[in-house]
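[1] Sequence and predicted structure below; questions after.
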Amino acid sequence: MTPSTAGGSRPVTIVMYHFVRPAPFGGLSKFAALDVSAFREQLRYVKRYYSPIRLADVVSAANDGQALPPRPIVLTFDDGYRDHVDNVFPLLVDHGIPATFFPVRAALVDRRVLDTNKVHFILAAAPDPATIVSAIDRAIENSRETTGGTVEAYRARWWAPSRFDGPDIVYVKRMLQHGLPDEIRRPLVASLFQQYVTSDEAAFAAGLYLTVTDARMMLAAGMEFGGHGDRHIPLPALGAEDQAREIDGAVDLLRAIGVTAGPFAYSYVKGEYDATSVKLLRSRGCAIAVTTREDLARPGIDDVLTLPRIDTNRLPTDGDAPANDWTTRALP
């Protein structure tokens, strides 16, 4: 892509959010959830220092050289939680700030609790992560004759710390989200969710996620919507055919809520992608895609299908705070 003077000379801050709800967060970590009062203050901070824009404006800057305002910022919200219509949307409207929402088709359309959320709430409700680790290891041993997998092999691959979690939590999340073969993983997640959280998945989903009606209302009010997968599975964990199915499910969701056919936005689950992911998105007309790599985006310079974002906790939650390092870096 040829850099454009107007777009490429002005970096864009793209911010990533998940849960936004009143504290305490029911076991969710501070990295997964932001308190509503903190979000309200963060919006004041954003209004003081930034010019809120849409992802569509970033596309125009990258492709057509459209000039961007000083310190452009895009707020993005992953997973399609009920928090986004109950807590986020009214405050965005009050402040006149647009935002982009990335729900998952299985949650919004099928009303199923995503495995990633089942794991969140299993970990929150279990007395100790070690009990979940033990359950995973037992499932591996019990299926060893049919799958050939060993605890040692799985731990060698998945037992490692991340930026936010210790190795035991990473192991639980990865194994229960996609690390185990589906024939082992799905029954295990269902059993643990029923044991520690609830046996009424439909009611739990109703209280956790946006509805199609919610999304259509927010879209009509000027908010943007993009895709975040069919079942919320990191694309590189899948073969090409299943990656295509994940992306196509996201496109189906957009049509279900009334996004017109044409170029669309995508948020990679866990920020993960590979060459196949980018090729599939490009072939389907994706205009822009965001990752979880922490940096400022540079339209006209960066590949628009692998743009970085910063987490919400990188910006102050005091509306009167002085400009921090990320804000200072956003100067033209």
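    Perfect, thanks for sending it. Numbering: from 1, shown residues only.

[2] Any idea how far stretch 276-286 is from the middle of the chain?
    Stretch 276-286 has its C-alpha centroid displaced from the chain centroid by 18 Å (Cα atoms, centre = their mean, to the nearest Å).

[3] Which positions in that stretch come out as buried?
    277, 278, 280, 281, 284, 286 (16 or more other Cβ atoms under 10 Å). C-beta here means a position set from N, CA and C on the backbone, and glycine is covered the same way.

[4] doesn't residue 201 make contact with residue 117?
    No - under the criterion of Cβ atoms under 8 Å, residue 117 makes no contact with residue 201, lying 10.6 Å away.

[5] So these two - more neighbours on which side?
    It is residue 117, of residue 117 and residue 201, that has more neighbours when counted by other Cβ atoms under 10 Å, with 24 against 16.

[6] Identify the residues contacting residue 87.
    Residues near residue 87 by Cβ atoms under 8 Å, 6 or more residues apart in numbering: 20, 21, 22, 36, 39.

[7] do the same with residue 218
    Taking Cβ under 8 Å, 6+ apart, one finds 84, 85, 89, 101, 210, 225 in contact with residue 218.

[8] so residue 74 sits in a strand?
    Yes - the assignment for residue 74 is a strand, going by DSSP: H, G, I helix; E, B strand; the rest coil.

[9] While we're on it, how confident is the model there?
    What the model reports for residue 74 is a pLDDT of 98.

[10] Would you map the strands across the stretch 151-300 of the chain?
    224-225, 264-267, 286-290 (DSSP state E, counting those that start in this stretch).

[11] which of these sits most buried?
    Most buried of the strands of the stretch 151-300 of the chain by mean neighbour count (mean count of other Cβ atoms under 10 Å) is strand 264-267; its value is a mean of 26.

[12] centre of the chain versus that one, how much separation?
    11 Å.

[13] Just the C-alpha atoms of it, please, in PDB.
    C-alpha atoms of strand 264-267 as PDB (Å, rounded to 0.1, in the frame of the first residue of the first chain):
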ATOM      1  CA  PHE A 264     -16.700  -4.700   6.300                       C
ATOM      2  CA  ALA A 265     -14.600  -4.500   9.400                       C
ATOM      3  CA  TYR A 266     -13.200  -7.400  11.400                       C
ATOM      4  CA  SER A 267     -11.600  -7.900  14.800                       C
END
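
[14] For it, report the contacting residues that lie outside it.
    55, 76, 78, 100, 102, 224-228, 247, 250-251, 254, 281, 285-290, 305.

[15] before we move on, back to that, let's have the buried residues of stretch 276-286 in a markdown table, adding pLDDT and distance to residue 322.
    Converted to a markdown table, the buried residues of stretch 276-286 look like this (pLDDT from 0 to 100; distance: Cβ to Cβ, whole Å):
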| residue | pLDDT | distance to residue 322 |
| --- | --- | --- |
| 277 | 98 | 39 |
| 278 | 98 | 38 |
| 280 | 98 | 43 |
| 281 | 98 | 39 |
| 284 | 96 | 43 |
| 286 | 97 | 38 |
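
[16] Counting neighbours, which of the contacts of residue 87 comes out on top?
    Highest neighbour count within those: residue 20, with 22 neighbours (other Cβ under 10 Å).

[17] Give me the pLDDT for it.
    96.

[18] Looks like it contacts residue 32 (just checking).
    No - if you go by Cβ under 8 Å, residue 20 and residue 32 don't touch, sitting 10.5 Å apart.

[19] list residues touching both of those two?
    Joint contacts of residue 20 and residue 32 (Cβ under 8 Å, 6+ apart) do not exist.

[20] okay if I get the buried residues of stretch 276-286 as a markdown table plus distance to residue 153?
    Shown next, in a markdown table, are the buried residues of stretch 276-286 (distance: Cβ to Cβ, whole Å):
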| residue | distance to residue 153 |
| --- | --- |
| 277 | 26 |
| 278 | 30 |
| 280 | 29 |
| 281 | 32 |
| 284 | 35 |
| 286 | 35 |
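
[21] Which one of those residues is nearest to residue 301?
    Nearest to residue 301 among the buried residues of stretch 276-286 is residue 278, at 16.6 Å by Cβ to Cβ.

[22] Let me know whether the closest one touches residue 291 as I believe.
    No - judged on Cβ under 8 Å, residue 278 makes no contact with residue 291 at a distance of 10.7 Å.

[23] So for these two, which residues contact both of them?
    residue 306.

[24] Show the contacting residues for residue 115.
    Listed by Cβ under 8 Å, 6+ apart, the contact partners of residue 115 are 176, 177, 178, 185, 189, 231, 232.

[25] rerun at 6 Å
    Counting by Cβ atoms under 6 Å, 6 or more residues apart in numbering, residue 115 touches 177, 189.

[26] gap between it and residue 233?
    8 Å (Cβ to Cβ, to the nearest Å).

[27] same thing with residue 97?
    In this view, residue 97 and residue 233 are 31 Å apart by Cβ to Cβ.
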